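Q: need a structure here:
(one chain, ligands or ions: 2)
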Amino acid sequence: MNGHRYAVDVPVGTSLAAVLRDELGLTGTKVACNEGHCGACTVQVDGVPRLSCITLVHTVEGEVTTIEGLRDHPLVESFVRADATQCGFCTPGQIVSAAALVAVSPAPTRDEIRHGMAGNLCRCGTYPKIEEAILHWRD
Ligand code: FES
Ligand code: FES
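A: Numbering: from 1, shown residues only. Ligands and ions are numbered 1, 2, ... in the order given. The predicted structure follows:
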C-alpha cells in the first residue's frame, strides 16, 4: 500500500476502509454512507478506483493507493487553486478518482470528467469547481 507492505490480522469480513482507518491509521480515506453509494471512501487498486467501504480486505490483491499516497500529485494543488472544496469530506475520494482518470486520460474532456467522476458525490455541490480543478490539473 502506497509503496509499503503492511501485515494486519483482522477477521474475515473486515472492509478495506476499516483496515485503512482503524488498523493503519490512514484516516485520509473517509467513510460516509458505508454502503457503496457516495464514493467518499474511494481508493485505487492497481490504479482502478475501488470503494473501500464495500471491499472486503481479504479479497484485495495488488497495490492499494490512498489519498496519503497521492499527497504530491498535482491534482491536490489544482483542487486548492480551483477552490474545489467546502466541507472537504468528499475531497480525498474525489482526488483519488480524478488521479485514476488523468492517469489514463491526461487531458480529459468535460464529458469524460463527468463520466469518470460520476461515482463521487459531493453534498456541498462543488461539482463545477471539481471539474475546473481536473480540467486544469497540469497548469
Ligand atoms: S463511504 Fe463508501 S461509497 Fe460511501
Ligand atoms: S466538499 Fe463537502 S461533500 Fe464535497
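Q: can you give me phi and psi for residue 130?
A: Note on residue 130: backbone dihedrals following degrees, to the nearest 10 are phi -60, psi -40.
Q: now it. Nearest residue, chain neighbours left out?
A: Nearest in space to residue 130, with sequence neighbours left out and distances taken as Cβ to Cβ, 6 or more residues apart in numbering, is residue 84 at 4.8 Å. (C-beta placed from N, C-alpha, C; glycine too.)
Q: same question for residue 82.
A: Once flanking residues are discounted, residue 82 sits nearest to residue 133: 3.8 Å by Cβ to Cβ, 6+ apart.
Q: do a quick rundown of the strands in this structure.
A: For the chain, applying DSSP state E gives strands covering 42-45, 48-51, 64-65.
Q: output those as a markdown table; include the columns distance to residue 14.
A: As requested, the strands of the chain are exported to a markdown table (distance: least, Cβ to Cβ, whole Å):
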| stretch | distance to residue 14 |
| --- | --- |
| strand 42-45 | 15 |
| strand 48-51 | 15 |
| strand 64-65 | 14 |
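Q: how is the protein partitioned into domains?
A: If you go by automatic domain parsing, the domain ranges for the chain are 16-66, 69-135.
Q: what is the mean pLDDT for the longest one?
A: What it means is domain 69-135. Throughout domain 69-135, pLDDT has a mean value of 98.
Q: next one: the first one
A: Regarding domain 16-66, the rounded mean pLDDT is 98.
Q: and it, does that touch ligand 2?
A: No - counting by Cβ under 6 Å from any ligand atom, ligand 2 is not contacted by domain 16-66; separation bottoms out at 7.8 Å.
Q: coming back round to it: what's the neighbour count on the residue nearest to residue 82?
A: By the criterion of other Cβ atoms under 10 Å, residue 133 has 27 neighbours.
Q: so which bits of stretch 8-15 are buried?
A: 14, 15 (16 or more other Cβ atoms under 10 Å).
Q: make that stretch 48-56, sorry
A: Buried residues in stretch 48-56, counted by 16+ other Cβ under 10 Å: 49, 50, 51, 52, 53, 55.
Q: then it to PDB, C-alphas only?
A: Only the C-alpha atoms of stretch 48-56 are listed here, as PDB (Å, rounded to 0.1, in the frame of the first residue of the first chain):
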ATOM      1  CA  VAL A  48      -8.500   1.400 -10.600                       C
ATOM      2  CA  PRO A  49     -10.900   3.300  -8.300                       C
ATOM      3  CA  ARG A  50     -12.500   1.000  -5.700                       C
ATOM      4  CA  LEU A  51     -15.000   1.700  -3.000                       C
ATOM      5  CA  SER A  52     -13.100   0.600   0.100                       C
ATOM      6  CA  CYS A  53     -16.200   0.500   2.400                       C
ATOM      7  CA  ILE A  54     -17.700  -2.400   0.400                       C
ATOM      8  CA  THR A  55     -14.400  -4.100  -0.500                       C
ATOM      9  CA  LEU A  56     -13.500  -7.000   1.800                       C
END
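Q: great, nothing more from me.
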